[in-house]
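>>> sequence unavailable; structure follows:
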C-alpha cells in the first residue's frame, strides 16, 4: 500500500481551493514521501491556494526536510477575469488584481493548527524563472504545476529540472497526450516528452494527468 496522509490532512487538501483531484493528490503525496528519504527539499512550481502544498508540507514534515513552493500569486493565464478558471474570491478587493497568497496562508494554517505546517514550508513569492536563476541547491523532488503556455512550462522545466538530484523525482501535472482531453493546452505534455527524450529521466508512474519521473541520467 502506498503511503497516505492522515484524514485531517486529506480533508484540508480537499477543502482548499484548487484543481487537483484526490487520486492525483495521493500519488503526489506518495512521491513526496519517497523523495523525502533523500533528505533534500521538495519544491513545487505553482502554489495557487495551497491545495497541493498541504500534501508536500506533510510529507516534508515527516521526512525532516522543507517544502518549497514558488508562485507570484497573481494567477495563471486561464485564471484571469473572463477566463474559464477565474475565481472572484481570489481578487484583491482594493487593487482589483488576483492575489492568492492570503488564501494559501490561510489554507496552510488551517490544515493542522496544532502542529503548524507553516514551520515546514518556505513560500517564495516571485516568478519561477527568476527564482530558478538564483537557486543553487539540489532537490529531492520538483513538481511542475505552473503556467500552461509553452513559454511558461518550458521555463519551469529548464529552470528547475537540472536541480533534481540523482535518484530524485520530477513530477509534471496536467499532462494530456490527446488534444481532445486537454483543458489548458498541451505545453505540460510537450515538457514531459522533452524530459523523457533528454535521457536524464525515466518514467515511474502515471496517474491521470500526473506523471512521475526519476532522475537516472546526466544532462537535462
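Good, I have the coordinates. The structure displayed is predicted, hence computed values, not measured ones.
>>> CA only for contacts and neighbour counts going forward, please
OK.
>>> got a list of what residue 160 touches?
Residues near residue 160 by Cα atoms under 8 Å, 6 or more residues apart in numbering: 132, 142.
>>> so it, which of the three states?
Classification of residue 160 using DSSP: H, G, I helix; E, B strand; the rest coil returns helix.
>>> residue 123 now?
Strictly by three-state DSSP, residue 123 counts as strand.
>>> who is the closest residue to it other than its chain neighbours paired with across the strands?
In space, and not counting its chain neighbours, residue 123 is closest to residue 69: 5.0 Å by Cα to Cα, 6 or more residues apart in numbering. Applying DSSP bridges to residue 69 yields these beta-bridge partners: residue 44, residue 123.
>>> residue 69 and residue 178, how far apart?
29 Å (Cα to Cα, to the nearest Å).
>>> next up, the contacts around the residue nearest to residue 123.
43-47, 53, 121-124.
>>> apply 10 Å and report the result again.
42-48, 50, 52-53, 56-57, 121-125, 128, 142-143 (Cα atoms under 10 Å, 6 or more residues apart in numbering).
>>> separation between the residue positioned nearest the centre of the chain and residue 96?
Note on the chain: the residue nearest the mean C-alpha position is residue 44, at 3.6 Å, using Cα atoms, centre = their mean. From residue 44 across to residue 96, the span is 27 Å (Cα to Cα).
>>> how about residue 174?
28 Å.
>>> okay, now the residue nearest to residue 138 when sequence neighbours are not counted: neighbour count?
Once flanking residues are discounted, residue 138 sits nearest to residue 163: 5.0 Å by Cα to Cα, 6+ apart. By other Cα atoms under 10 Å, 21 other residues sit near residue 163.
>>> pretty sure residue 196 sits against residue 172.
No: counting by Cα atoms under 10 Å, residue 196 sits too far from residue 172 to count as a contact (11.7 Å).
>>> shared neighbours, the two?
residue 213.
>>> compare neighbour counts for the two and give me the winner.
The neighbour comparison of residue 196 against residue 172 (other Cα under 10 Å) goes to residue 172, with 26 against 15.
>>> residues contacting the more buried one?
Counting by Cα under 10 Å, 6+ apart, residue 172 touches 44-45, 142-146, 153, 157, 188-189, 191-192, 195, 206, 209-213.
>>> any idea how far residue 163 lies from residue 205?
As for residue 163, its distance to residue 205 is 21 Å (criterion: Cα to Cα).
>>> for residue 89, same thing?
As judged by Cα to Cα, residue 89 and residue 205 stand 35 Å apart.
>>> more neighbours, these two?
A count of neighbours by other Cα under 10 Å puts residue 205 above the other of residue 89 and residue 205, at 14 against 11.
>>> pull the number of nearby residues for residue 9.
Neighbourhood size, residue 9 [other Cα under 10 Å]: 18.
>>> which element is it on?
Following DSSP states H and E, one finds residue 9 within helix 7-15.
>>> which residue ranges of the protein form helices?
Along the chain, the segments classed as helices by DSSP state H run 7-15, 22-36, 51-63, 101-111, 128-133, 150-160, 187-197.
>>> what's the closest of those to residue 81?
Residue 81 sits nearest to helix 101-111 of all these, at 17.4 Å, using Cα to Cα.
>>> which strands or helices does that closest one pack on?
Contact analysis of helix 101-111 by 3 or more Cα pairs under 10 Å, 6 or more residues apart in numbering; DSSP states H and E lists helix 7-15, helix 51-63, strand 121-125 as its packing neighbours.
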